[in-house]
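>>> quick one, structure for this:
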Amino acid sequence: MRSPLRSALVIVGLLVAGAAAADDFEATTEMFRGAVADEFFEESYGYAVFPTIGKGGVVVGGARGKGQVYAEGEHVGDTTMTQVTVGLQLGGQAYSQIIFFQDRRAFEEFTSGNFEFGAQATAVAITAGASATAGTTGTGAGASTTGGHTGKTGGNYYRGMAVFTFAKGGLMYEASIGGQKFSYKPKK
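Sure, this is the predicted structure:
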């Protein structure tokens with residue numbers, strides 16, 4: 001019999017491997033441009049975009065995704081997100097994520113090398129065919145599939161960052177605790 005951790009890692013691996021060929025940073029950025037308020041793109045110092053993050057778990061879970069970081073409209077580096085979760089959870093899902101940096105300070109905090117969102121972090125979730133209207137209440141990273149409101153997403157930065165997710169597929173029941181960790185590598 002396989003352990004729950006091993007099962008979770010297999011699920012995450014399959015999600016990420018299956019989605020890797022479809023990762024398109026430009027298309028994902030355009031999808032978010034159509035879903036969030038224009039001021040996030042116009043007024044933020046920069047952003048990190050993740051076309052696909054794969055997440056899975058059976059009691060113990062994990063998530064992983066590769067992204068690109070932009071500052072003042074230019075691609076300046078690459079980032080990898082990893083997450084380990086412990087708690088009541090079962091299933092797997094894939095989602096896209098974007099993190100806006102309100103100013104240079106927030107950008108530098110994220111690109112310092114090992115940035116981490118805490119367990120209390122939250123995100124605005126955007127559903128297919130509809131955009132959310134709620135603002136962010138944390139600096140977070142939940143891959144929730146709630147939302148479904150109409151209109152462009154308005155919202156506020158929390159500690160200089162605003163996070164939005166877009167569910168791509170899968171089914172996961174989760175009530176877990178865990179934070180996302182990001183590594184950063186400057187573009188050469």
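>>> next, the buried residues of stretch 105-124.
Buried residues in stretch 105-124, counted by 16 or more other C-beta atoms under 10 Å: 106-107, 110-111, 115, 117, 121-124. Where you see a C-beta, it was placed from the backbone N, CA and C, and this is true even at glycine.
>>> let me have those residues in CSV, extended by secondary structure.
CSV is the format used below for the buried residues of stretch 105-124 (DSSP: H, G, I helix; E, B strand; the rest coil):
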residue, secondary structure
106, helix
107, helix
110, helix
111, coil
115, strand
117, coil
121, coil
122, coil
123, coil
124, strand
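>>> quick one: least confident of the residues you listed?
When the buried residues of stretch 105-124 are compared by pLDDT, residue 121 scores lowest at 67.
>>> wait, is residue 109 part of a helix?
Yes. Residue 109 forms part of a helix when assessed by three-state DSSP.
>>> pLDDT score for it?
Residue 109 is given a pLDDT of 95.
>>> surely it meets residue 116?
No. Residue 109 is beyond contact range of residue 116, at 10.5 Å (criterion: C-beta atoms under 8 Å).
>>> show the contacting residues for residue 74.
Applying C-beta atoms under 8 Å, 6 or more residues apart in numbering to residue 74 gives no contacts.
>>> could you check how far residue 99 is from residue 161?
Counting by C-beta to C-beta, to the nearest Å, the gap between residue 99 and residue 161 amounts to 6 Å.
>>> of those two, who's got more company?
Neighbour count, other C-beta atoms under 10 Å: between residue 99 and residue 161, residue 99 has more, with 29 against 26.
>>> pull up the gap between that one and residue 107, please.
In terms of C-beta to C-beta, residue 99 sits 10 Å off from residue 107.
>>> any idea how far residue 79 is from residue 44?
Counting by C-beta to C-beta - residue 79 and residue 44 are separated by 16 Å.
>>> also residue 188?
Distance from residue 188 to residue 44, by C-beta to C-beta: 24 Å.
>>> and residue 82, by the same measure?
Applying C-beta to C-beta to residue 82 and residue 44 gives a distance of 24 Å.
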